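Visitor: below is the sequence, then the predicted model.
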Amino acid sequence: MKMNKILEYIISLTLKTAKLTRKQSGFTLIELLVALVISSIIISSLLGFMVNIITTERREQAKTNSELEIQAAIDYIARDLRQAVYIYDNDSLTTDHSDTGDSGIRDQIPPESTARGCGDASTCRPVLVFWKRELKENVIPVGSGYDDKFLYSLVGYYLIKDNSSRWSGTARISRFQIEDGVNLDINDDGDYEDANEAPDHGFATFNLSGTGTLKEKMNQWTKATEAYTQQALVLVDFIDQSTDTAEIPLPNSAMTTTEYDEFCDDRMSEAAQLVPNYTEGGFPEELKTGSFYACIDSDSSQARIYIRGNALARFQNIDNAEYKSSRSQFFPTTNRRVQGSDLLGAD
């Protein structure tokens, strides 16, 4: 009897424990809702934190890329410009050719004289145009070997802002060059036997004979009769396209003629001229960005170049990527003063 009572007691205790365990193993609806709210808060916080980290990383990467690209661009331009024997100033780039009196080269170069990539004056304007002398190695046969030769080239750097879908929608800098040929094996009729030796279409050498200053002689240059076949090639994209005169630094569209004339005095010299000239009649408003310009002293063959990039346009809509002083860190800037070779000298 005692053994049966003991067994009954154990069985009863086991059943009670099992019932109690079943009651405690479940969750009420309120408990589930509370757990869901807490989980949502934690997950939302983590997601927000991760999104913030990713956005910050994208911004920093965009800034870094822009800084590296504009630095590489100005390094390239500076290397090019160090070989310059003559740099055209604003007078030369805003005046058409004339056989008498004041002359310039505006109608001799793109965009007035059309080239692929720069054929519209409302979207493409010259900033740096210069003649350079470049050494070409091993181009002239001499005995059993080859000798070197210096060749002249006309080089232009342009600010372009158009609606091309190939590019970012900001502004960009393009480079145009026409080069002399290697003057070998010319027939009596003056034609080059090998087309690869001929000058680029439109190329003609400058003429330093006659009277006048060096500037007057260089401004008399005219292109050859053939249309240009060389293309203006993009050097760097994501150049700032902002034009808000209340925000962007000088130069901008609000400049007066006096401000324009005096702009380069402290930055370069009193003889230096600002290019491009925003006060010129008909200058396109979309190109008054102040993001690519130069102070040029033709007499001393010197130039100071300024470039401002736009990192903001790399990670957000172009319409919201305008320059503001409060976010200037996303618009990296650089400038460089360059001395050309000045081989032609000045009068």
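Guide: Yep, it's here. Numbers count the residues shown, from 1 in each chain.
Visitor: packing partners for the top strand by length along the chain?
Guide: Of all the segments assigned as strand in the chain under DSSP state E, the longest by residue count is strand 124-142. Contacts defined by 3 or more C-beta pairs under 8 Å, 6 or more residues apart in numbering; DSSP states H and E place strand 124-142 against helix 29-81, strand 84-87, helix 90-93, strand 145-160, strand 171-179, strand 273-275, strand 292-297. Any C-beta I mention is one placed from the backbone N, CA and C, and that applies to glycine too.
Visitor: pLDDT score for the most centrally placed residue in the chain?
Guide: Central residue of the chain (C-alpha atoms, centre = their mean): residue 236, 3.7 Å from the mean position. pLDDT, residue 236: 98.
Visitor: which residues does it form beta bridges with?
Guide: For residue 236, the beta-bridge partners under DSSP bridges are residue 173.
Visitor: quick check: the gap between it and residue 303.
Guide: Using C-beta to C-beta, to the nearest Å, residue 236 is found at 18 Å from residue 303.
Visitor: before we move on, what about residue 323?
Guide: In terms of C-beta to C-beta, residue 323 sits 24 Å off from residue 303.
Visitor: ok, residue 237 next?
Guide: Remark: distance between residue 237 and residue 303 (C-beta to C-beta) = 22 Å.
Visitor: next one: residue 324
Guide: Separation of residue 324 from residue 303 (C-beta to C-beta): 29 Å.
Visitor: for the protein, which spans come out with low pLDDT?
Guide: Scanning the chain with the threshold set as pLDDT under 70 gives 1-27, 139-141, 143-146, 183-196, 345-347.
Visitor: buried residues, the host helix or strand of residue 262. List them.
Guide: Following DSSP states H and E, the helix or strand that holds residue 262 is helix 257-267. For helix 257-267, burial by neighbour count (16 or more other C-beta atoms under 10 Å) applies to 260, 263, 264.
Visitor: so which elements touch it?
Guide: Other elements packing on helix 257-267 under the criterion 3+ C-beta pairs under 8 Å, 6+ apart are strand 273-275, strand 292-297.
Visitor: next, count neighbours for the nearest residue to residue 314 once chain neighbours are set aside.
Guide: Once flanking residues are discounted, residue 314 sits nearest to residue 62: 3.9 Å by C-beta to C-beta, 6 or more residues apart in numbering. Other residues within reach of residue 62, judged by other C-beta atoms under 10 Å, total 20.
Visitor: residue 56 versus residue 62, what's the distance?
Guide: 11 Å.
Visitor: about what we covered before: neighbour count winner among residue 237 and residue 303?
Guide: In this view residue 237 and residue 303 are compared by other C-beta under 10 Å, and residue 303 has more residues nearby, 27 against 21.
Visitor: in the strand or helix carrying that one, what counts as buried?
Guide: If you go by DSSP H and E, residue 303 is part of strand 302-308. Residues of strand 302-308 classed as buried: 302, 303, 304, 305, 306, 307, 308 (neighbour count, 16+ other C-beta under 10 Å).
Visitor: given whichever helix or strand comes after that strand, what are its sheet partners and their directions?
Guide: Downstream of strand 302-308, the next assigned helix or strand under DSSP H and E is strand 333-339. Partner strands and pairing direction for strand 333-339 (DSSP bridges) are strand 302-308 (antiparallel).
Visitor: in contact with residue 302, which residues are there?
Guide: Contacts for residue 302 (C-beta atoms under 8 Å, 6 or more residues apart in numbering) come out as 87, 268, 269, 272, 296, 337, 338, 339, 340.
Visitor: quickly list what residue 133 is bridged to.
Guide: Residues in beta-bridge contact with residue 133 (DSSP bridges): residue 152.
Visitor: wait, isn't it in contact with residue 85?
Guide: Yes. The pair residue 133 / residue 85 is scored as a contact, 5.3 Å apart, by C-beta atoms under 8 Å.
Visitor: can you tell me which of the buried residues of strand 302-308 lies closest to residue 92?
Guide: residue 303 (13.1 Å; C-beta to C-beta).
Visitor: distance of the closest one relative to residue 316?
Guide: Remark: distance between residue 303 and residue 316 (C-beta to C-beta) = 34 Å.
Visitor: what of residue 332?
Guide: For residue 332 relative to residue 316 (C-beta to C-beta), the value is 16 Å.
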